[in-house]
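Peer 1: I would like the atomic coordinates for the input below:
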Amino acid sequence: MKYLIHSFFKVWIKATSYFFFEKIEVSGTGNLPKDCPVILACNHPNAFLDSIVMTSVAKRPLYYTARGDFFKSKLAARLLNFIQILPVYRREEGRELMHKNNDTFSYCIEVFKKNGAVMIFSEGVSENKWELRPLRKGTARLALDAWSNPEVGDRLKVVPVVIHYSSWLKIHPKIHIEFLKNIEKNSIAESGESGLFNKNFNELLTSTLSAKCIQVDKTKDVNSQNKVTEFILKNYVNGTAIAKKLQDKYTASNNPEFISDYKKLADFLTNENINYDLTMGSGIMNVVNLMGWYIVIAIAIILNFIPYYLCKFLVRGTKGNDFHDSLLYCMLLIVYPIYLITLFVIAHTVKDWTSSIVTVFLTAYSAFYYESSKRYILSFSKKDKLKIVKQMFSRLFETSNG
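Peer 2: Reported below is the predicted structural model:
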């Protein structure tokens, strides 16, 4: 029964993700083993949404870890345990509770014995930022316990994972996920002391993750960096690699010409309100496509404004909070199916079966393609300015750092 519920829940999350995210771009899937115990060691930019995203893309069942204070209520603890979320207590939650981590880690070892996978957010805290924060020792401790267990041993692989969002506090971000080269037992120098092992493990994991995480230079114009990085992540295939390459160049640059060009690009994107980039064709098909997308966006607004604004209203108090996106998504998980069922019943009551099916289809179809229509319309309206943007990007990549 539990397996069936989990399977349904995963399908439900995956289906809903198509309405909440514009796209989830996944790379490095060959680095995710399918037939051995695994620790997925992730960065943690977006609270519960990180777990939801990983659930929708992982090709195997996952157990998750979450901060211990979420388990204060007995009801919450039972619900979280049922959906395979395990508590990890931190010093901030009280030293007297940290001994409970032994139970969680023991449970994880049992999962590993059955070739299961556990996802742990190695930073220990969530913050809406692209850059990697200092790692805590939980991942290292769990890896050491597993590698020291004779029934798990060398079979365990640690898979570093990097997640990047094009934006926060908005529906329809684009997400980039990359599974990185595995860390195995022989990747860490032999050490008879756990403290030294934790240090060596965290240094290796940090270097692996930070090599892929985008870094914003806090000593320079942060708003400009955020604008340029958001635009790249939102619009380009392999956007993480492109954004990181440009950010690394910006961070290391002492060339006034390059810094000035970077600032001009950011200002141009901001002042002209350019958020989308789509290569346009030419001729009459552009006009035909444009008319079609205007129809889609009109239907989407008419048929979906109730669940959209209801969800926004329900989470209004979390605006600016790191949990806003997660709660908005959870509201969508609950509200949107209920809304579609309600529409179906009303249309069937007022008209007939055909009308109810068509109404629900148009509602879901227009919601699914809303972001695509918006991207096409805005890219078409600013196609001349997008040519300038491309020229400015080319100049940045061609300019020497000095």
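
Peer 1: contacts and neighbour counts: CA atoms only from here.
Peer 2: OK.

Peer 1: what about the stretch 201-350 of the chain, any weak spots by pLDDT?
Peer 2: Applying pLDDT under 70 to the stretch 201-350 of the chain picks out residues 281-282.

Peer 1: Okay, strands next: where are they in it?
Peer 2: Taking DSSP state E, counting those that start in this stretch, the stretch 201-350 of the chain contains no strands at all.

Peer 1: and stretch 205-223, C-alpha only, in CSV?
Peer 2: What follows is stretch 205-223, C-alpha atoms only, in CSV (Å, rounded to 0.1, in the frame of the first residue of the first chain):
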residue,chain,number,x,y,z
LEU,A,205,32.9,17.5,-1.9
THR,A,206,33.3,21.3,-1.6
SER,A,207,35.8,21.4,-4.5
THR,A,208,33.5,19.2,-6.7
LEU,A,209,30.4,21.2,-6.0
SER,A,210,32.0,24.7,-6.1
ALA,A,211,33.5,23.8,-9.5
LYS,A,212,30.0,23.8,-10.9
CYS,A,213,28.2,26.4,-8.6
ILE,A,214,27.8,29.9,-9.9
GLN,A,215,29.5,32.4,-7.7
VAL,A,216,28.4,36.0,-7.3
ASP,A,217,31.1,38.5,-6.3
LYS,A,218,29.8,40.4,-3.3
THR,A,219,32.4,43.1,-3.7
LYS,A,220,31.1,44.2,-7.1
ASP,A,221,27.7,45.2,-8.5
VAL,A,222,25.5,42.4,-7.2
ASN,A,223,22.3,43.5,-9.0
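
Peer 1: quick thing: my sequence starts at 679, can you match it?
Peer 2: Sounds good: first residue 679 from here, last item stretch 883-901.

Peer 1: how far is that stretch from where the chain is centred?
Peer 2: Its chain's average C-alpha position is 17 Å from that of stretch 883-901, according to Cα atoms, centre = their mean, to the nearest Å.

Peer 1: Please identify the buried residues of it?
Peer 2: 883-884, 886-888, 890-894 (16 or more other Cα atoms under 10 Å).

Peer 1: quick one: contacts of it?
Peer 2: 721, 808-810, 812-813, 838-840, 842, 858, 861, 903-904, 918-919, 921-922, 925-926, 929 (Cα atoms under 8 Å, 6 or more residues apart in numbering).

Peer 1: From these, list the buried ones, please.
Peer 2: By 16+ other Cα under 10 Å, the contacts of stretch 883-901 give 721, 808-810, 813, 838-840, 842, 858, 861, 903-904, 918-919, 921-922, 925, 929 as buried.

Peer 1: Can you spell out which helices and strands pack onto the longest strand along the chain?
Peer 2: In terms of residue count, the longest strand belonging to the chain (DSSP state E) is strand 835-843. Secondary-structure packing of strand 835-843 (3 or more Cα pairs under 8 Å, 6 or more residues apart in numbering; DSSP states H and E): strand 716-720, strand 852-857, helix 872-888.

Peer 1: Deepest-packed of these, please.
Peer 2: strand 716-720 (a mean of 26; mean count of other Cα atoms under 10 Å).

Peer 1: Quick one: distance of whichever helix or strand comes after that one to the chain centre.
Peer 2: Using DSSP states H and E, the helix or strand that follows strand 716-720 in sequence is helix 725-735. Remark: helix 725-735 is offset 7 Å from the chain centroid, using Cα atoms, centre = their mean.

Peer 1: Right, I'll leave it there.
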